[in-house]
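Visitor: here is the input, now give the coordinates:
(one chain, ligands or ions: 1)
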Amino acid sequence: MQHDSVLTQLADVLESRKQAPADSSYVAKLYAKGLDSILKKVGEEATETVMAAKDGDKDKIVYEVADLWFHTLVLLAQQNLHPDDVLNELARRFGMSGLVEKASRKD
Ligand SMILES: N=c1c2ncn([C@@H]3O[C@H](COP(=O)(O)OP(=O)(O)OP(=O)(O)O)[C@@H](O)[C@H]3O)c2ncn1[C@@H]1O[C@H](COP(=O)(O)O)[C@@H](O)[C@H]1O
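Guide: Below you'll find the model as predicted:
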C-alpha cells in the first residue's frame, strides 16, 4: 500500500465514522465526546511523544508519533479538513505548488 493512500483511506474511514453510533467504535465515541476530548488526546499523545524521545526509545517514538498523527487526523476530520489540506501546505512551503490536487477544505 502506498503511504499517501494510508492517509487517504484512513481519512475516508474517519469521515464515515461521523455517521456511526457513538458506542460503535473508538473514533465514533471520540466525535461524540466533542472537540475538547479530541484536543485532550492530541495533547496527551504529544506529551507521550516527547517522553519517548527523551527516553531515546526509537520504537516508542514511532508508536507515539503514530498515535499523535492519528489523533490529529481525527481533529482534521472533525473540523471538515482533509490530510491533503496539510500536504498542500507542506508542499507550498517546499516550493511545490499543486502537488496534491484534491483538497477538501470547506470554509
Ligand atoms: N489508527 C488508529 C489508532 N491509533 C490509535 N488508536 C486508539 O487511540 C487510543 C490511544 O490512546 P491511549 O494510548 O491513551 O490508550 P487508551 O487508554 O485506550 O485511550 P483512552 O480510551 O483513554 O482515550 C487507543 O484506544 C487506540 O486504540 C487508534 N484507533 C483507531 N485507528 C484507526 O482508525 C480506524 C477507525 O477506528 P474505529 O473507529 O475505532 O474503528 C481503525 O480502523 C484504525 O485503522
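
Visitor: quick one: residues in contact with the least confident helix or strand in the chain by mean pLDDT.
Guide: Across the helices and strands of the chain, mean pLDDT, DSSP states H and E gives its lowest value to helix 3-16, namely a mean of 92. By Cβ atoms under 8 Å, 6 or more residues apart in numbering, the residues outside helix 3-16 that reach it are Met1, Val27, Phe70, Leu73, Val74, Leu76, Ala77, His82, Pro83, Asp84, Leu87. C-beta here means a position set from N, CA and C on the backbone, and glycine is covered the same way.

Visitor: list the buried ones in that helix?
Guide: Neighbour-count burial for helix 3-16, with 16 or more other Cβ atoms under 10 Å as criterion, is recorded at Leu7, Leu10, Ala11, Leu14.

Visitor: tell me the one of the residues you listed nearest the ligand?
Guide: Leu10 (5.9 Å; Cβ to the nearest ligand atom).

Visitor: the closest one and Lys18: what is the separation?
Guide: Leu10 is 14 Å from Lys18, where distance means Cβ to Cβ, to the nearest Å.

Visitor: again, but for Val74
Guide: Val74 is 11 Å from Lys18, where distance means Cβ to Cβ.

Visitor: which neighbours do those two share?
Guide: Residues touching both Val74 and Lys18 (Cβ under 8 Å, 6+ apart) are Tyr31.

Visitor: more neighbours, the two?
Guide: More neighbours surround Val74 than the other of Val74 and Lys18, with 22 against 12 (other Cβ atoms under 10 Å).

Visitor: touching, that one and Ile38? I think so.
Guide: Yes: shown here, Val74 and Ile38 form a contact pair, counting by Cβ atoms under 8 Å, at 5.6 Å.
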